[in-house]
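Peer 1: Fold the following, please.
(2 chains)
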Amino acid sequence: MKLETVRQILDCQVIAGGDKLGDVVTTGCGADLMSDVLAFIKPNALLLTGLATVQSVRTADVAEVKGIVYVRGKWPEADAVELAKEKGIVLLATKLPMYESCGKLWASGLPGGGELAGDRGDACGAPVPATV
Amino acid sequence: MPVEPLFLQRFDVAGRDFTGAGKASTTIKSILREIGIAPAVIRRAAIAAYEAEMNVVLYARKGTMELRVTPRDIQIKVCDEGSGIADIGLAMQEGYSTASEEIREMGFGAGMGLPNIQRNADTFHISSVVGQGTNLEIVIRV
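Peer 2: Okay, here's the model as predicted:
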C-alpha cells in the first residue's frame, strides 16, 4: 500500500517525508512499546504508535520501517521530526485512535506481519539459547 | 586462532540519557552498511545492539559497547555498571520486566529486550553480578 493511500484512509497530516508518499509499505504494526515493535515488525512496514518521542523514530530506523503514523492526535517531538528527515522516514499524524486506524488499514488490504507471540523463530532463524 | 578484525570501535553509553539513547546502535548500523554487510544481517545486528544499548540507558549508570567486525562475524560486547540482574533465567522470559512506569511511558519495559537480543543473535552470552553490572556478548555470523 502506498503511503499516500495510508494518508488518505486515515486523513493524516504529513509531518515529514512528503516527497516519499509514493513509497510502498507491505505490512502494518500497531504498538506503543518499542521492544514489541522490534520483536514483531517486518522490514518495509508501517508503524502505528502513540509514542511521540525520538525513540519511535530510532526504533523505526533500526527495524527498517518506512513510515510512522502517530495516532490519537499525538504529534512527534522536534528531535523526532529532525531524525526522521535525516533517515528518510515518513511521519504522518491522524486524530483517529489506534484501534480504528489499524482496522481501516486492515480492511483496505494492508496485512499485519503474520507472526504470533511465542512463534517467531521464522523471522531470523530459530532462537538460540543464551549461555550464562 | 583469533581472527583479525576488519573494524573495531568502542562507544560510551550514559545511563538515563533518554535523548541520546540509541545513537551508538544507529552508528553501528551505518558502519555495517558502509562495510557492505548484507541488509538482513545488519537489521539483526542493529536490533540486538539497540536493545542492549537501551538496557544500559534504562537500567545502568553507564556502560560501553564494543563493535568488532571480522570476516566471519559481527561481535557486540556490552558492559555496564548498574544494579545487575538477580535472576537471568527470569529476565530472559518474554514479557518479564522490572521496568518502572516512567520507563514504560517512554515506550520501553515490554519485557522483550533480552529475548529480542537472543532471537537476533547466533550466539548470545550474558553474565551479571547484582550490585555491579551486566555483560552481554552478541555474535552474528555474516
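Peer 1: Distance check, the residue nearest in space to the middle of chain B against chain A.
Peer 2: By Cα atoms, centre = their mean, chain B has its centre lying nearest to residue B:52, at 2.2 Å. To chain A, residue B:52 is 12 Å away according to Cβ to the nearest Cβ, to the nearest Å. Heads up, the C-betas are built off the backbone N, CA and C, glycines and all.
Peer 1: In terms of helices and strands, where is that residue?
Peer 2: Residue B:52 is part of helix B:39-59 when elements are defined by DSSP states H and E.
Peer 1: and what of residue B:89?
Peer 2: Counting by DSSP H and E, residue B:89 is found in helix B:88-91.
Peer 1: and that helix, how far out from the chain's middle?
Peer 2: 16 Å (Cα atoms, centre = their mean, to the nearest Å).
Peer 1: How about stretch A:19-32?
Peer 2: The answer for stretch A:19-32 is 6 Å, by Cα atoms, centre = their mean.
Peer 1: ok, residues contacting that stretch?
Peer 2: A:1-4, A:6-7, A:14, A:37, A:40-42, A:44-51, A:66-67, A:71, A:88, A:90, A:98, A:101-102, A:105-106, A:110-114, B:107 (Cβ atoms under 8 Å, 6 or more residues apart in numbering or on different chains).
Peer 1: Show me which helix or strand of chain A is least confident by mean pLDDT.
Peer 2: helix A:34-40 (a mean of 90; mean pLDDT, DSSP states H and E).
Peer 1: and it, what does it pack onto?
Peer 2: helix A:54-62, helix B:39-59, helix B:113-120 (3 or more Cβ pairs under 8 Å, 6 or more residues apart in numbering or on different chains; DSSP states H and E).
Peer 1: tell me the contacts of residue A:14?
Peer 2: Taking Cβ under 8 Å, 6+ apart, one finds A:7, A:21, A:90-92 in contact with residue A:14.
Peer 1: Could I get the average pLDDT for stretch B:66-81?
Peer 2: Stretch B:66-81 carries an average pLDDT of 97.
Peer 1: Give me the next element, helix or strand, following the helix holding residue B:52.
Peer 2: Past helix B:39-59, further along toward the C-terminus, the next helix or strand under DSSP H and E is strand B:60-69.
Peer 1: Kindly export the helix or strand following that following strand (C-alpha atoms) in PDB.
Peer 2: Moving toward the C-terminus from strand B:60-69, the next helix or strand (DSSP H and E) is strand B:73-82. Only the C-alpha atoms of strand B:73-82 are listed here, as PDB (Å, rounded to 0.1, in the frame of the first residue of the first chain):
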ATOM      1  CA  ASP B  73      31.000 -12.400  12.200                       C
ATOM      2  CA  ILE B  74      29.800  -9.200  13.900                       C
ATOM      3  CA  GLN B  75      30.600  -9.200  17.700                       C
ATOM      4  CA  ILE B  76      29.000  -6.700  20.000                       C
ATOM      5  CA  LYS B  77      30.100  -6.600  23.600                       C
ATOM      6  CA  VAL B  78      28.100  -4.500  26.100                       C
ATOM      7  CA  CYS B  79      29.400  -4.000  29.700                       C
ATOM      8  CA  ASP B  80      27.500  -1.800  32.200                       C
ATOM      9  CA  GLU B  81      27.900  -0.600  35.700                       C
ATOM     10  CA  GLY B  82      24.500  -0.900  37.400                       C
END
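Peer 1: Now do strand B:73-82: which elements does it pack against?
Peer 2: Partner elements for strand B:73-82 (3+ Cβ pairs under 8 Å, 6+ apart): helix B:39-59, strand B:60-69, strand B:133-141.
Peer 1: What residues of the longest one count as buried?
Peer 2: Along helix B:39-59, these residues count as buried under the neighbour rule (16 or more other Cβ atoms under 10 Å in any protein chain shown): B:41-59.
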